[in-house]
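J.: For reference, the sequence and a predicted model appear below.
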Amino acid sequence: MGKYIGPKSKIARRFGEAIYGADKVLEKRNVPPGQHGLARKRKKVSEYGTQLSEKQKAKYTYGLLEKQFSRTYEQAARMGGITGENLLKLLECRLDNVVYRLGIAPTRAAARQLVSHRHICVNGSVVNIPSYSLRAGDVVSVREKSKSLEVITESLAGGRSRYAWLEWDAATMSGKFLQKPEREEIPENIKEQLIVELYSK
């Protein structure tokens, strides 16, 4: 199971956005990485460069590597409707993303680890596959013996935005995946049409 383990602040500075969550380094130095930052003359980015950058941003945001991302895109292309929107909907259906959206984990990387370490259940059964795709009606819960974990209790205490496609029950520490979100409900700043154009070349 592959994942990106390089410097995250460097990636966030490249895109100028806190794609991995709150980042003190990005707040202090919101300039591109490298010795000269903004001082170095940068060439005008080509159309291909813009499309590639958008794909990379989506990949890093959701924590996927290239092969997994391209497979997800192929799946989205086979579905009916708008491919770009389908892609984002599939990414939002991932178990690690839903654990993060529910507020059980502070970041997607932490959510991925909770799932991998068998702290999360789907419909009462432990699931340790971060890419597990949820369906409407699935219930995601914290495993009974994991409910006192510090990372989970702190994340839930911190509060999190609630989403229309998810229903949270604080008493049982579980959330229901109601449906795939519509594009306007997904808060990520991703121009999915550029990704579609890139893969269409």
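T.: That came through, no problem.

J.: can you give me the strands for the protein?
T.: 120-122, 125-126, 139-142, 166-169, 174-177 (DSSP state E).

J.: Turn those into CSV, including distance to E184.
T.: For the C-beta atoms, the positions are set from N, CA and C on the backbone; glycine is no exception. Output for the strands of the chain, formatted as CSV (distance: least, Cβ to Cβ, whole Å):
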stretch, distance to E184
strand 120-122, 27
strand 125-126, 33
strand 139-142, 23
strand 166-169, 16
strand 174-177, 18
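
J.: can you list those strands in CSV and add mean neighbour count, mean pLDDT and distance to Y132?
T.: CSV is the format used below for those (neighbours: other Cβ atoms under 10 Å; pLDDT from 0 to 100; distance: least, Cβ to Cβ, whole Å):
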stretch, mean neighbour count, mean pLDDT, distance to Y132
strand 120-122, 21, 97, 7
strand 125-126, 9, 96, 11
strand 139-142, 21, 97, 10
strand 166-169, 16, 94, 16
strand 174-177, 20, 96, 11
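
J.: To T107, which of these lies closest?
T.: For T107, the closest of the strands of the chain is strand 120-122, at 14.9 Å, according to Cβ to Cβ.

J.: Neighbouring strands - and their directions - for that closest one?
T.: With DSSP bridges as the test, strand 120-122 is paired with strand 125-126 (antiparallel), strand 139-142 (antiparallel).

J.: Distance to G159 added to these, as TSV?
T.: As requested, the strands paired with strand 120-122 are arranged in TSV below (distance: least, Cβ to Cβ, whole Å):
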stretch	distance to G159
strand 125-126	27
strand 139-142	17
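
J.: and the residue nearest the centre of the chain, what is it in contact with?
T.: The centroid of the chain falls nearest to Y62 when counting by Cα atoms, centre = their mean (2.9 Å). Counting by Cβ atoms under 8 Å, 6 or more residues apart in numbering, Y62 touches F69, L91, R94, N97, R108.
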